[in-house]
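[1] turn this into a structure:
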Amino acid sequence: MNTPAHLPPPFAGLQPEPVWRHFATLCHIPRPSKGEAALREHLRQWAIDRRLEAIVDEAGNLIIRKPASPGRGNAPGTILQAHLDMVCQKNSDTPHDFDKDPITPILRDGWLIAENTTLGADNGIGVALILAALEDDSLIHGPLEALLTVDEEAGMGGARGLAEDLLRGRLMLNLDTEEWGQFYLGCAGGLDVNVSRAGRAEPLPDNFSGWRIDLRGLRGGHSGADIHEERGNAIKLLVRVLRDLEEKLSLRLSCLEGGSARNALPREAFALIALPTAQASRLNDLLESWQACLATELEGVENELTLRCQPANIAHAMSAENQAAWLASLHAAPHGVRRMSRRLPGVVETSNNLGIVTLTPAGGECNFMVRSLIDSAGTALADEIVSLFSLSGTMAEKSGHYPGWAPNPASPLLALCQSVYRREYGEDATVHVIHAGLECGLIGAKYPELDIVSFGPIIRGAHAPGEAVETTSVAQIWKLLTTILTTIGTGVPCQPSSKAQINVG
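    Below is the predicted model of the structure:
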């Protein structure tokens, strides 16, 4: 697959052209987590064609090196870092195959948007910015090293497998945050709790009829960056409804599914249930009552929520024991913000997301993603979840821990970035810690002397259909990035801003 020679709509006319040309390629080549090989090989060959050093490490990361501009060989080496994969979320009625189909964005009112799928601006715009910098022969810079990681969205496998003696740079610019005018200096760490339970399918009595219940229309979003907004979790809400139906009807649960990514807030969930035929006439009224109740509770946050039912063919249900264990445990399980930071007012310290559940008569599983600025607090919350499920004899295990990125307000690289921003834009950028996970923590743990700062353009709705990037902010980030790269190693005095305190992330 080749980069388009002429940019098609909606990319035609967008500036800077090299950045959008590369992003158009990223939209054209599928890149789900653990499925980045085709894109990685395309970019490796692209680099070789430009006589750049390009290697793929044992973890599958792509490293591209570009020598310094003439006279800038003594400048400290700079690593430009982003991840190749994207979160693959779509509306349930959208026939999109993320393993085969290209992303088809549209341009609307200055935003590039994917209406029914995720766009992949997280983190494709970061990758595109890096590729544009590598190919720009007019850019004056010190030694550059691009680190394009794999599997970030599904467990940070690329950063986790990065060797400790591979990178040469002393500075790192991570391009995986989503707000213009902000520099990021820290992030939460995290871990997963994976729950599973075997089951036993039971045939339904002859006088039972099957129904499918759908809960749809939630906003979804990033399970770290959006967790404080108290958006609805489709799994938790549907479990709540099912628990109530259990009390009023002779309900038998066959299947429950919700969510499709551990790091995305679940937007949709559905259940297959069976009821005595004589009780079926009550189901629709009960669901209408629940929809009204949830609409009142979530007014102003989730205005498109719908709760519907339709007949379904069901032959088997889970056992009464498993139904009780799953619904009670999922109903009691925590979700959302556990605690706000005491050291960083307004910043979430610890949270968790019940992101995926798949239950069938033969058994089931679910995943909780726990995040925290304090490792011990995250572990404590994960242990609570494990303990909760152990009460019903359900297997729950912790896995995939990654460290947080501890902020360093005295960072010389931050001072340089602030000085450049102030000089170019006549005002101070703010400095933030983000509750979302970045690869900076894992990379920094392997390279403790590395000085790291993160920034990026304005992205809205990451990890959910309708994800959008503001095109003007991409041009602003390109100017900021290239000016920072040109300034590094010049000896220009860089003083931290008087407003360099860490703000809400």
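[2] in stretch 439-458, what counts as buried?
    Neighbour-count burial for stretch 439-458 flags 439-445, 447, 450-458 (criterion: 16 or more other Cβ atoms under 10 Å). Just so you know, the C-beta spots here come from the backbone N, C-alpha and C atoms, and that holds for glycine as well.
[3] quick one: mean pLDDT for it?
    Model confidence over stretch 439-458 averages 96 on the pLDDT scale.
[4] how long is that stretch from one end to the other?
    From the first residue to the last, stretch 439-458 extends over 19 Å; the measure is Cα to Cα, to the nearest Å.
[5] thinking again about what came up before, restricted to helices, list the buried residues of stretch 439-458.
    Secondary structure assignment by DSSP state H places 440-445 of the buried residues of stretch 439-458 in helices.
[6] which segments of the chain make up each domain?
    Listed domain ranges for the chain are 17-188+432-488, 196-365 (source: automatic domain parsing).
[7] with respect to V386, which of the ones you listed lies nearest?
    Ranking these by distance to V386, with Cβ to Cβ as the measure, places domain 196-365 first at 10.8 Å.
[8] how far does the closest one sit from the chain's center?
    Distance, stretch centre to chain centre, for domain 196-365: 22 Å (Cα atoms, centre = their mean, to the nearest Å).
[9] for that domain, measure first residue to last.
    Separation of the first and last residues of domain 196-365 by Cα to Cα is 4 Å.
[10] strands along the stretch 151-300 of the chain, start to end?
    171-174, 182-187, 189-198, 202-203, 208-216, 252-258, 269-276 (DSSP state E, counting those that start in this stretch).
[11] before we move on, back to that, for I385, find the nearest of the domains of the chain.
    Using Cβ to Cβ as the measure, domain 196-365 is the one of these that comes nearest I385, at 6.3 Å.
[12] please report how far the closest residue to R31 other than its chain neighbours lies from A264.
    Taking Cβ to Cβ, 6 or more residues apart in numbering, and ignoring the residues beside it in sequence, R31 has L39 as its nearest neighbour in space, at 4.7 Å. Using Cβ to Cβ, to the nearest Å, one gets 21 Å for the distance from L39 to A264.
[13] what of N194?
    For N194, the distance to A264 under the criterion Cβ to Cβ works out to 17 Å.
[14] what do you get for F368?
    13 Å.
[15] so what sits against both of the two?
    Contact with both F368 and A264 is made by residues 353, 355, according to Cβ atoms under 8 Å, 6 or more residues apart in numbering.
[16] if we can go back for a sec, and N194 and A264? Which one has more around it.
    A264 (25 against 17; other Cβ atoms under 10 Å).
[17] give the contact list for the residue nearest to the more buried one when sequence neighbours are not counted.
    Spatial nearest neighbour of A264, chain neighbours left out: H463 (4.1 Å); criterion: Cβ to Cβ, 6+ apart. The neighbours of H463, taking Cβ under 8 Å, 6+ apart as the test, are 87, 89, 118, 122, 220-223, 261, 263-265.
[18] nearest to G491, of these?
    In terms of Cβ to Cβ, no member of the contacts of H463 lies closer to G491 than D122, at 35.3 Å.
[19] find the nearest non-adjacent residue to that closest one, please.
    Among residues not flanking D122 along the chain, A462 sits closest, at 4.2 Å (Cβ to Cβ, 6+ apart).
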